[in-house]
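1. need the 3D shape of this:
(2 chains)
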Amino acid sequence: MAHATVRFGLGHRPGESPPEDPRAWLLAQLRNPDPTRLPEPPSAAAGLMALRDDRQTRPKPGESRSRAMFRRDALAQLGNALATPAPFRERLVWFWTNHFTVSLRRPQCAALMGAFVEEAIRPHVTGRFADMLLAVMRHPAMLLYLDNVRSVAPDSPVGRRDKRGLNENLARECLELHTVSPDAGYTQEDVTSFARILTGWSIDLRADPPGFRFRPFTHDPGDQVVMGQSFPAGEAGGVAALGFLAAHPATHRHLATRLVRHFVADDPPQDAVAQVAAVLRDTGGDLGAAAAAVVALHAAWQPQAKLRTPLDFLVATLRALDPPQPQTDPPYLIASLALLGQPIWTAPQPNGWPDRASEWAGPEALMRRIDWSYAVAGRAAATADPASLADATLGPLLRPATLTAIRRAGSRRDAMTLLLTSPEFQRR
Amino acid sequence: MPHPGPPPHRTAGSPAAGNPSGHLTRRSALFGLAAAFTLGRASLAFADAPTEHRFVVILLRGALDGLGAVVPYGDPSLAGLRGALLPPAPGQDGGMLELGGFYGLHPALGSLHAMYRDGEALVAHAVAGPTRERSHFEAQDCLESGADHRLASGWLNRAVAAIPGGKALAVGVSVPLLLRGPAAVGNWAPHGAAALDSDLYARIAALNAGDDLLGPAVAAGLRERGFSAAAMAGDEAGRNRSAFPALARAAGELLRAPDGPRIAALEIGGWDTHSAQGVRLAGALRQFDTGLAALRTGLGEAWRQTVVIAMTEFGRTVRLNGTGGTDHGTASVAFLAGGAVAGGRVLADWPGLGPGRLLEDRDLQPTADLRALVKGVLAQHLGVPGPALAAIFPDGGAAAVAGLVRA
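-> Numbering: from 1, shown residues only, chains lettered A, B, ... in the order given. Now for the predicted structure:
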């Protein structure tokens, strides 16, 4: 029971009673509508308008409208993670957001990150993968992040006039990371052809409202072949190519591998991957069915096999302790994630944050977790009994040695620190 | 009851008649009602306090071993109970610091001893807070509430409310229960104040040791931060990482400021010496002693108008346990320090350590209520009137100890 909230959810909140039937609790979250209601729902149009303003007013770094929007949206998403009654669904949102990484490493994406989650990811986490993929590839955040807005077919009118050319970035990452993966055995020729197909997928910053725009004058006029499949020129050819990639067996295997790595074990058991891939194949890429298939895996119920990433750890800690958050600049949650080594929406590369414990368990990284835990414990609700809190948070996962250490601690703060830094809290 | 050693000092003098109110009038005219001050990254606003008297409470969280800090070496039963842990006799190399023929201060408390010799520090022994619970958290709640059960506010906050214009400051990351309540309280901590002591790091490392991934990584992280394996095992004093001296210094500077707060609360941990007490207690006492000296430095001239009280939730077992440490007990010590303290003495109705003298045959028997000490300071130093004292400590209990403050 505790395992369900830890492995599939975001950590247990002491005030809530654990689900009586964990599997039914998880499946209901997949079935029911997303309860998220953001106070100020972000949109790509609003983000692009902020970007447009910033390009005109040229504010100092950190004082732009885009950055303000980034902070607002990041805090809204984190706040939702702390409060949501559907933590499994929320975990899926974060999982797919990381699968389709866009990052602040491209600062012009700042105002679009929240919109990307809300428009391209969240609506589709229990829907069809093909729909999510199309929404991602048309989203201004992704088109900016992976340079497709600059890509011009050399044979297009604009390419011939301005001597401009292809940018393969989005096409390559879409094949390598988002869909079929290198296991599919595609070639450089396939990458180039796919990049030609995607030419013209761009944004219009001057439109009202600004947003995605297919630009025929930068689009390659010829038919293209990708992985043996022919696609006609035009926007519809790109939609067809994405449909082909989404339905490819190699994509199902790749997505299944990533899901199982995230929810089951760093080294995904091959039979588990095969089961989830089969569900994706049989359902036409139904992500809700795939998530349910992960819940059904026997291996997913072996506790403590995964290490919490800094984001998981921060969310679980704050759900458990609910400490008052200090007024700081930059905001506390954002600063904390940066300190812990996983600044929000700022993955260094398009492959996103790693999902293996060894990547997060460096000595300094763990020392920072310990020190941060101590700081948070200093502000935590002083009325809670640490031993009861440990029991309410971890249930049967709590080891006797940890409980003894908590009971013996000389202060509530020490006791809370011991809880947060125990292996059973660090793992999920 | 046999009473070895010097008679207990139960001074019955009347408190100070003079009040440095000349300063007050002039200062009020100069600075008006409120002023702001800054230190480091923090900026706080405080009303002009109508008193020049400073009061600092230091919570020693984790249960200080009173017998280790203030050793009753004159008690004939002590050596048989504590032999292995006793520092050398006063006068010997690394020996206890003499407190008048019966008690000796732990050798790590050099600054406190100097204050004692100058008549600016007082030790109260065999004192205990309001409860006989041996749970840290419950006992700390009661100590801070000033009652035998947890209240929603702390006695120091209620005292602040009883002093016209009294303003208080919690120095540290959080506001302790001691200072929570209806009266407005400031909170200040320097940037990066959160630093764990080596003992807590060691316990974290031990809990993670069995984890194939986390165990070696935490151990390596500690090594990289300069903690030796020996310090982690408790075999030598850990690297000095306590934030307490810096916090105490800052608290002193804040209190010294003409328009700063007049009342502050600080805390220091590291007292829960279940194992390897010899090394751990010495390290914690050294931090505390260094912090007291830093507080004095920070206060500067205002030290003359200051009373500091340091108290803990309970003491520790008289006998050693199986791991060179002591477990949760009952009576312990409290310290008063400051230029305003009528010090240079040990205040104790010594219960003795001989056969039949220990509480439940394990703990130092309490013979005084910590609240009586606190009431004395509040009344004599801050001028809290009797009826207000009764409201601050709703359980009643022992009367205020007289003569704590210099006449």
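
2. get me the contact residues on chain A for chain B.
-> Taking Cβ under 8 Å from any Cβ of the partner chain as the contact definition, chain A meets chain B at A:307, A:357-358, A:361-367, A:370-371, A:374-375, A:378-379, A:382, A:385-386, A:401-402, A:405, A:408-415, A:417-418, A:421-423, A:426. Backbone N, C-alpha and C define where each C-beta goes, glycine included.

3. from chain A, how far out is the residue nearest to B:G298 when sequence neighbours are not counted?
-> Leaving aside its chain neighbours, B:G298 sits nearest to B:G252 (2.1 Å; criterion: Cβ to Cβ, 6 or more residues apart in numbering or on different chains). Per Cβ to the nearest Cβ, to the nearest Å, B:G252 is found 21 Å from chain A.

4. what do you get for B:G383?
-> Taken as Cβ to the nearest Cβ, the span from B:G383 to chain A is 30 Å.

5. what is the neighbour count of that residue?
-> B:G383 has 17 neighbouring residues, counting by other Cβ atoms under 10 Å in any protein chain shown.

6. weed out the non-buried ones from the residues of chain A next to chain B.
-> Neighbour counting by 16 or more other Cβ atoms under 10 Å in any protein chain shown classes A:307, A:357, A:361, A:363, A:365-367, A:370-371, A:374-375, A:378-379, A:382, A:385-386, A:402, A:405, A:408-415, A:417-418, A:421-423, A:426 among the residues of chain A next to chain B as buried.

7. from the residues you listed, which land in helices?
-> A:363, A:365-367, A:370-371, A:374-375, A:378-379, A:386, A:402, A:405, A:408, A:412-415, A:417-418, A:421, A:423, A:426 (DSSP state H).

8. up against chain A, what does chain B have?
-> Within chain B, the positions near chain A by Cβ under 8 Å from any Cβ are B:61-63, B:136-137, B:140, B:172-174, B:176-177, B:194-196, B:200-201, B:203-204, B:206-208, B:210-211, B:213-214, B:217-218, B:220-225, B:267, B:269-272, B:274.

9. of those, grab the buried ones for PyMOL.
-> To isolate the buried ones among the residues of chain B next to chain A in PyMOL, judged by 16+ other Cβ under 10 Å, type:
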select buried, chain B and resi 61+62+63+136+137+140+172+173+174+176+177+194+196+200+201+203+204+206+207+208+211+213+214+217+218+221+222+267+269+270+271+272+274
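
10. so what's the residue of the stretch 201-350 of chain A found nearest chain B up against?
-> With Cβ to the nearest Cβ, the shortest gap between the stretch 201-350 of chain A and chain B falls at A:L307, namely 7.0 Å. By Cβ atoms under 8 Å, 6 or more residues apart in numbering or on different chains, the residues touching A:L307 are A:A357, A:W360, A:A361, A:Q426, A:R427, A:R428, B:L213, B:L214.

11. could you rerun that using 7 Å?
-> Neighbour list for A:L307: A:A357, A:W360, A:A361, A:Q426, A:R427, B:L213 [criterion: Cβ atoms under 7 Å, 6 or more residues apart in numbering or on different chains].

12. can you check A:R89 too?
-> A:Q29, A:L30, A:D34, A:V125.

13. just the CA atoms of whichever strand or helix holds it, as PDB, please.
-> In this structure, A:R89 sits in helix A:87-99 according to DSSP states H and E. Output in PDB follows, covering the C-alpha atoms of helix A:87-99 (Å, rounded to 0.1, in the frame of the first residue of the first chain):
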ATOM      1  CA  PRO A  87      -0.300  11.500  -8.100                       C
ATOM      2  CA  PHE A  88       0.100   8.500 -10.500                       C
ATOM      3  CA  ARG A  89      -1.400  10.600 -13.300                       C
ATOM      4  CA  GLU A  90       0.800  13.500 -12.300                       C
ATOM      5  CA  ARG A  91       3.900  11.200 -12.300                       C
ATOM      6  CA  LEU A  92       3.000  10.200 -15.900                       C
ATOM      7  CA  VAL A  93       2.800  13.900 -16.800                       C
ATOM      8  CA  TRP A  94       6.400  14.400 -15.500                       C
ATOM      9  CA  PHE A  95       7.500  11.200 -17.200                       C
ATOM     10  CA  TRP A  96       6.300  12.200 -20.600                       C
ATOM     11  CA  THR A  97       7.500  15.700 -20.200                       C
ATOM     12  CA  ASN A  98      11.000  14.300 -19.600                       C
ATOM     13  CA  HIS A  99      10.600  11.900 -22.500                       C
END
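
14. so how far is that helix off the chain centroid?
-> Distance of helix A:87-99 from the chain centroid (Cα atoms, centre = their mean, to the nearest Å) equals 5 Å.

15. C-terminal to that helix, what's the next element?
-> Using DSSP H and E, the next helix or strand after helix A:87-99 towards the C-terminus is helix A:113-115.

16. so which elements touch that following helix?
-> When contacts are defined as 3 or more Cβ pairs under 7 Å, 6 or more residues apart in numbering or on different chains; DSSP states H and E, helix A:113-115 sits against helix A:65-83.

17. mind listing what's buried in the helix it packs on?
-> Within helix A:65-83, the residues scored as buried using 16+ other Cβ under 10 Å are A:65-67, A:69-78, A:80-82.

18. go on, stretch A:127-145?
-> For stretch A:127-145, by 16+ other Cβ under 10 Å, it's A:128-145.

19. now, which of these lie within helices?
-> Short answer: these in helices (DSSP H) are A:129-137, A:140-145.

20. look up the pLDDT of residue 166 for me, please.
-> Just so you know, I chose chain A. pLDDT for A:L166: 94.

21. wait, I meant chain B there
-> We have a pLDDT of 74 for B:G166.

22. ditto for B:H191
-> Here, the pLDDT recorded for B:H191 equals 61.

23. ok, now which ones touch the residue in chain A positioned nearest to chain B?
-> Closest residue of chain A to chain B, Cβ to the nearest Cβ: A:G410 (2.5 Å). A:G410 sits next to B:R61, B:G62, B:A63, B:H136, B:G269, B:W271, B:D272 when contact means Cβ under 7 Å, 6+ apart.

24. next one: A:T346
-> A:T346 sits next to A:S103, A:L104, A:R105 when contact means Cβ under 7 Å, 6+ apart.

25. was I right about the second one contacting A:A110?
-> Yes. Here A:L104 reaches A:A110: they are 5.9 Å apart, a contact under Cβ atoms under 7 Å.

26. of all residues in chain B, which one is closest to chain A?
-> Taking Cβ to the nearest Cβ as the measure, chain B has B:G62 as its residue closest to chain A, at 2.5 Å.

27. that residue and A:W372: what is the separation?
-> According to Cβ to Cβ, to the nearest Å, B:G62 stands 22 Å off from A:W372.

28. would you map the strands across the chain?
-> In the absence of a named chain, this looks at chain A. For chain A, the strands defined by DSSP state E occupy A:201-204, A:211-214, A:224-226, A:229-231.

29. nope, chain B
-> Shown for chain B, the strands assigned by DSSP E span residues B:34-39, B:42-47, B:54-60, B:70-71, B:97-98, B:104-105, B:121-128, B:168-171, B:185-188, B:263-268, B:306-312, B:332-337, B:345-347, B:368-369.

30. which one of the ones you listed lies nearest to A:V276?
-> A:V276 lies closest, by Cβ to Cβ, to one member of the strands of chain B: strand B:185-188, at 50.4 Å.

31. parallel or antiparallel, list what pairs with that closest one.
-> Looking at strand B:185-188 with DSSP bridges, its partner strands are strand B:168-171 (parallel).

32. still on that earlier bit, mean neighbour count and mean pLDDT added to the strands of chain A, as CSV?
-> Converted to CSV, the strands of chain A look like this (neighbours: other Cβ atoms under 10 Å in any protein chain shown; pLDDT from 0 to 100):
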stretch, mean neighbour count, mean pLDDT
strand A:201-204, 20, 98
strand A:211-214, 17, 98
strand A:224-226, 20, 98
strand A:229-231, 16, 98
